[in-house]
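Undergrad: Provide a 3D model corresponding to the input given below.
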Amino acid sequence: MTTDGSWVAYVVPFSFPWGSAAARRVFGISASLAASGHHVVVLTSQAGKPVLTPVAGPEGPGSVSTVGFGQAAPAQPGMLRRAGRSLVSDHALLRWLAAQPVLPSHVLLYGGGADRTARMRRWCREHRVPLIADVVEWYDPWHLPGGPFGPSCLSNELVMRYHRPRCDGVIAISSYLEDYYRRRTPVLRVPPTLDVAGLDVVDRCDAAGRSDLRLVYFGSPGRKDLVGAVIEAVDRAHRAGVDVTLTVCGPSTDEVRSLLGGRAVPPSVWPRGSIPQQDVPGIIRQADFSVILRRDARYAHAGFPTKFCESLANGTPVITNLTSDLGRYLADGREGLVCRDESVHSLRRVLVTAAQLGADRRAAMRKAARRQALASFDYRHFAEPLAEFLDEVRRPGATEGLKRVLDRR
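TA: Prediction:
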């Protein structure tokens, strides 16, 4: 499987390598490990025969491959059917792992409910393979099917509070999660990462000779992003005389109407619907700012919006309220503009300020955004810390060397 027999298994409950923000998170971690010489195999939920497929992109002496263990979805999906499908997939995955000539040096686990996490913990314990949880969010109970008393919420709380603290290590996406888990297990904080250095940003937006303000929102808002409030603020600013437009990539026109409670989409808002992933960077670069608005709540502080990193990487400053660790990477007036809170009124005031910025100021902010992304979100930056973290977690009871690794973050 690998040149020296050593490899890392990365278990994920979705398709890979392209598509969702979750897949891009896994690609970033895998690319960092490949850059440090590790051979990573991402075990996915994609249906099909378990055939090892190389993944292009990461630089370094290591490699990234993927293999699928998913089952075709039933015609009438339900909770019991999903659980049964997950059980069958997990058993196939674990049989494949156990059948390899050399077991993985580590298993990284992204997401998954209590049942999958318990199965992975049991297998790793029996085979003496360290299990590291990649923890990227803490769901709001009201964002899950059934609400606070539904089975999804109970499963999530069991995973977050019981299973993950008992893993051999945690890779945390935010300082909130880092602080929570560091009391129980070794933790390394790694924000969303991507190939920042490899992005071609020559077609960035030029504000010279124009006075309009071009904004972009991209992604799937779900219940995390307050896209309705963003649209309302843009509409109010536009009706007050600000020459502003908002391009919305991801949600369809009907979905945007739904976010507005059924009202018509304002003329200042341009829904683009679903956009191929490879086309999104070009759209981001043509905007003066991207916009992210989230509630001041646990889910927003525990997670970290991938779209924030992608915007800075493309040289587009961000207008946002400060949740999660965004304040570590964005200073008001440098890499973007800060909203006091998530209210429509607060965002509208910031939009008026943004519209008054001259071309030179906007250009300086674009350079600062790109510079921050290169320093903070390029996957190569985390190659050595991740390699050292895995090396220390590999040795049971070795905690002294971890302090040096963790202090670097």
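
Undergrad: Tell me which stretches of the chain form strands.
TA: Secondary structure of the chain (DSSP state E): strands located at 8-11, 39-47, 53-54, 63-70, 106-110, 131-135, 169-172, 187-189, 213-218, 244-249, 269-273, 289-292, 318-321, 336-339.

Undergrad: right, so the ones you listed: which one is the most enclosed?
TA: Neighbour counts (mean count of other CB atoms under 10 Å) averaged over each of these peak at strand 289-292, with a mean of 28. Just so you know, the C-beta spots here come from the backbone N, C-alpha and C atoms, and that holds for glycine as well.

Undergrad: among the helices and strands of this structure, which has the poorest mean pLDDT?
TA: The weakest-scoring helix or strand in the chain, judged by mean pLDDT, DSSP states H and E, is helix 400-407 (a mean of 41).

Undergrad: Can you name the residues bridging to the nearest residue to Val196 once chain neighbours are set aside?
TA: Nearest residue to Val196 in three dimensions, chain neighbours excluded: Asp378, at 4.0 Å (CB to CB, 6 or more residues apart in numbering). Beta-bridge pairing for Asp378 (DSSP bridges): Leu194.

Undergrad: Can you verify my assumption that Asp378 contacts Pro191?
TA: No - Asp378 is beyond contact range of Pro191, at 11.0 Å (criterion: CB atoms under 8 Å).

Undergrad: These two: who's more crowded?
TA: Neighbour count, other CB atoms under 10 Å: between Asp378 and Pro191, Pro191 has more, with 25 against 22.

Undergrad: Leaving out the residues flanking it, which one is nearest to the more buried one?
TA: Closest residue in space to Pro191, ignoring its immediate chain neighbours: Phe304 at 5.5 Å, by CB to CB, 6+ apart.

Undergrad: Run through the residues that contact the one you found.
TA: With contact set as CB atoms under 8 Å, 6 or more residues apart in numbering, Phe304 has these partners: Val136, Ile173, Ser174, Pro191, Pro192, Ser324, Asp325.

Undergrad: didn't the last one look like it was pressed against Leu177?
TA: If I follow you right, that is Asp325. No - using CB under 8 Å, Asp325 is not in contact with Leu177, being 10.2 Å away.

Undergrad: More neighbours: these two, which one.
TA: Using other CB under 10 Å as the criterion, Asp325 and Leu177 rank with Leu177 on top: 26 against 19.

Undergrad: before we move on, back to that, give me the pLDDT for the residue nearest to Pro191.
TA: On pLDDT, Phe304 comes in at 98.

Undergrad: Could you check how far it is from Gly327?
TA: To Gly327, Phe304 is 12 Å away according to CB to CB, to the nearest Å.

Undergrad: Nearest residue to Ala229 in space, please, no chain neighbours.
TA: Excluding the flanking residues, the one nearest Ala229 by CB to CB, 6+ apart is Val344, at 5.1 Å.

Undergrad: what's the neighbour count on the one you found?
TA: A total of 19 residues lie near Val344 under the criterion other CB under 10 Å.

Undergrad: Name all residues that make contact with Ala375.
TA: With contact taken as CB under 8 Å, 6+ apart, Ala375 is in contact with His381.

Undergrad: where's it relative to Leu386, distance?
TA: Distance of Ala375 to Leu386, computed by CB to CB: 17 Å.

Undergrad: how about low-confidence regions in the stretch 101-250 of the chain?
TA: Across the stretch 101-250 of the chain, the ranges flagged by pLDDT under 70 are 203-209.

Undergrad: hmm, try it at 80
TA: Across the stretch 101-250 of the chain, the ranges flagged by pLDDT under 80 are 202-210, 221.

Undergrad: ranges for the helices of it?
TA: Residue ranges of the helices in the stretch 101-250 of the chain, as given by DSSP state H, counting those that start in this stretch, are 114-127, 151-158, 175-181, 227-239.

Undergrad: mind checking how far the closest residue to Ser268 other than its chain neighbours is from Gln286?
TA: In space, and not counting its chain neighbours, Ser268 is closest to His238: 3.9 Å by CB to CB, 6+ apart. Distance, His238 to Gln286, by CB to CB: 19 Å.

Undergrad: Neighbour count for these two, which is higher?
TA: More crowded of His238 and Gln286, by other CB under 10 Å: His238, with 20 against 16.

Undergrad: thinking the more buried one is in contact with Ile231, fair?
TA: No - between His238 and Ile231 there is no contact under CB under 8 Å: 10.4 Å.

Undergrad: can you list residues touching both of the two?
TA: Pro266.

Undergrad: Just the CA trace of stretch 358-370, in CSV.
TA: Taking C-alpha atoms only, stretch 358-370 is exported to CSV below (Å, rounded to 0.1, in the frame of the first residue of the first chain):
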residue,chain,number,x,y,z
GLY,A,358,-11.6,54.3,-1.7
ALA,A,359,-10.0,52.1,-4.3
ASP,A,360,-6.5,52.3,-2.6
ARG,A,361,-8.0,51.3,0.8
ARG,A,362,-9.8,48.4,-0.7
ALA,A,363,-6.7,47.2,-2.5
ALA,A,364,-4.7,47.4,0.7
MET,A,365,-7.3,45.2,2.5
ARG,A,366,-7.2,42.7,-0.4
LYS,A,367,-3.4,42.4,0.0
ALA,A,368,-3.8,42.0,3.8
ALA,A,369,-6.4,39.3,3.4
ARG,A,370,-4.2,37.3,1.1
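
Undergrad: Can you give me the domain boundaries for this protein?
TA: As given by automatic domain parsing, the domain ranges for the chain are 8-195+379-407, 213-376.

Undergrad: Could you dump those into JSON lines with distance to Val201 added?
TA: What follows is the domains of the chain, written out as JSON lines (distance: least, CB to CB, whole Å):
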{"stretch": "domain 8-195+379-407", "distance to Val201": "12"}
{"stretch": "domain 213-376", "distance to Val201": "5"}
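
Undergrad: ok, back up a step: redo the strands of the chain as a markdown table? Include distance to Val196.
TA: A markdown table is the format used below for the strands of the chain (distance: least, CB to CB, whole Å):
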| stretch | distance to Val196 |
| --- | --- |
| strand 8-11 | 21 |
| strand 39-47 | 20 |
| strand 53-54 | 23 |
| strand 63-70 | 18 |
| strand 106-110 | 21 |
| strand 131-135 | 20 |
| strand 169-172 | 19 |
| strand 187-189 | 18 |
| strand 213-218 | 17 |
| strand 244-249 | 20 |
| strand 269-273 | 24 |
| strand 289-292 | 16 |
| strand 318-321 | 15 |
| strand 336-339 | 16 |
